[in-house]
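Trainee: curious how this folds, go ahead:
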Amino acid sequence: MWVSSEMIKPAGHYLSACLTLALLSIGGEASAQDGPEQPRINLRTKSSVVGSRIYLSDIAKCSGSELLCPEVSGIEVSQSPSPGRTTYIQRSYLEQVLEKEWPGAVVTWEGGESTRVEASGVEFQIDEIRQKFEDLIGEGLREASAEVRVRVQRLQPMAALVVRPAQSKIEFPEVSSWRLNDPDWVVKSLVSNRLLQIRITNPTDPDDKTSFQANVSLLVERHLPVLKQGVIAGQMIAESNVKMDWVVMRRGNQDFSLSTHSVVGRTCRQSVAPGEPLPPRYLESPIAVTRNQTVTMIVRSGDLAISSRATAVEQAAVGQTIDVVNLVTKKKMKARVIDEKTVEALAF
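Mentor: Next up, the predicted model:
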C-alpha cells in the first residue's frame, strides 16, 4: 500500500505529543515521591530499657519516612522505672505526647494498644560498696583515730543491687550527719547493727539514681588501758602492770577508764583478769586523809597562796572533796584532797 508523506506527518506529531504527555506524567509521579511520606509507628508488645528515660524508639518502630522517622523516634516519652521494675504505656498517651511535641503530625499507628516496658540494669558489686563505706568511715575518724577505730563486719543489702549501667557513684546520705570525730559518740551510736541508706547515682545526671537499704554490722574498738597481769580485790594497780591496747566495744558495756593516769595507784574492788579494761566502778582510791587528821590547808586568792592548819572532818582519797575546820578561825569549809598531808580550800 502506498502511503504519502503528508499522511505520515500528522502521525509523527501525534506520537510526539503522546511521549511528552507520558514524560510529564512520570515527572509528576517523581515529584510526589520526593515529598515527605506519612510515618507509620508500630508499637511493640514489650520492650526493655536501660537508660533513665524512655524514648519512642525504645518502645516502637517507625517506618515509611526516612526524613521524619528519626525526628519522631527521638521524642522523650517518660522516665523509666527502677531497675527490675515494669510499667505499661498506653498508645493513647503516646498520641498525646506526639501531638504535643509535633503538632499536626499525620501518623499511622500500628500494633497493640499498649506496651510493657521493663527496666533492665546491672548488678552492683557488694565488695565495692563495702570498700567505699570503709573509706568514708576512715576519713571521718581521722581526728579520733588514736582513740577509736571502726571496721565493717557485714554489709548485706535488703534487695538485689541492680542499677542502670550509667550509675556508678556510691553515696551514703546519712553518714554526713555522723559525729565521727567524737569517740564517745562513735562508741555509743555505732556499736550495734543498723540500717544503712545507700544511693548510687549517674555522675553526669544527679536525677538518675537508685536507692537501697542494707543491714550493716560495725566492729568498734577503743584504745584503753588494760592489765598486763590480773589483779585481785584490794590490790593496788602499779604503772608497770598497765598498757594501752585496742578493746572491742559491746553494746551496754562501754564505760571504761580512758587513761593509765586514771587507774595507776588505785585499788580494785574485785578481781580483774589480764587483758581486761577497767571500768571506773571497779576502782577506788586509797584513803589519803583520815578523820580528825591535821592537814595543811592552802587558801588561794588571785595570785596569792596562804597556808594554814585545819582538821579533816571525814576521811577521803586524793581528789575527793571533804569538810575541814580551820584551826585559827574555827570555821568549817570545803576542801579538795591534794595528797596525804595537803588539802586546798574551795572557797575563801
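
Trainee: for the one helix or strand Ile89 maps to, name the packing helices and strands.
Mentor: Counting by DSSP states H and E, the element that carries Ile89 is strand 86-90. Here strand 86-90 touches strand 114-119, going by 3 or more Cβ pairs under 8 Å, 6 or more residues apart in numbering; DSSP states H and E. Any C-beta I mention is one placed from the backbone N, CA and C, and that applies to glycine too.

Trainee: in its sheet, what does the strand it packs on sit against?
Mentor: Strand 114-119 sits in its sheet next to strand 46-49 (parallel), strand 86-90 (antiparallel), going by DSSP bridges.

Trainee: and the residue lying closest to Met236 once chain neighbours are set aside, bridged to which residues?
Mentor: Nearest non-adjacent residue to Met236, counting by Cβ to Cβ, 6 or more residues apart in numbering: Thr267, 4.9 Å away. Beta-bridge pairing for Thr267 (DSSP bridges): Met236, Glu284.

Trainee: how much space separates Thr267 from Val328?
Mentor: Separation of Thr267 from Val328 (Cβ to Cβ, to the nearest Å): 35 Å.

Trainee: over to Ser308?
Mentor: The spacing between Ser308 and Val328, counted by Cβ to Cβ, is 6 Å.

Trainee: those two: which is more packed in?
Mentor: Taking other Cβ atoms under 10 Å, Ser308 and Val328 do not tie; Ser308 has more neighbours (13 against 8).

Trainee: so the more buried one versus Arg53, what's the distance?
Mentor: Distance of Ser308 to Arg53, given as Cβ to Cβ: 86 Å.

Trainee: nearest residue to the middle of this structure?
Mentor: Central residue of the chain (Cα atoms, centre = their mean): Phe172, 0.6 Å from the mean position.

Trainee: where along the stretch 1-150 of the chain do the helices fall?
Mentor: Counting by DSSP state H, counting those that start in this stretch, the segments of the stretch 1-150 of the chain that form helices are 5-34, 56-59, 69-73, 91-101, 126-140.

Trainee: low pLDDT regions in the protein?
Mentor: Of all residues in the chain, those with pLDDT under 70 make up the ranges 1-36, 347-348.

Trainee: show me the domain layout of it.
Mentor: Domains of the chain are assigned by automatic domain parsing as 1-32, 40-120, 123-218, 223-284, 287-345.

Trainee: start and end of the second one, how far apart?
Mentor: So the one you mean is domain 40-120. Start-to-end span of domain 40-120 (Cα to Cα, to the nearest Å) is 27 Å.

Trainee: and the lengthiest strand in the chain, what's buried?
Mentor: For the chain, the longest strand by residue count, based on DSSP state E, is strand 205-227. Neighbour-count burial for strand 205-227 flags 208-210, 212, 214, 216, 218, 220-227 (criterion: 16 or more other Cβ atoms under 10 Å).

Trainee: the helix or strand that it is followed by - contacts with which helices or strands?
Mentor: Counting by DSSP H and E, the next helix or strand C-terminal to strand 205-227 is strand 242-248. Counting contacts by 3+ Cβ pairs under 8 Å, 6+ apart, strand 242-248 is packed against strand 205-227.
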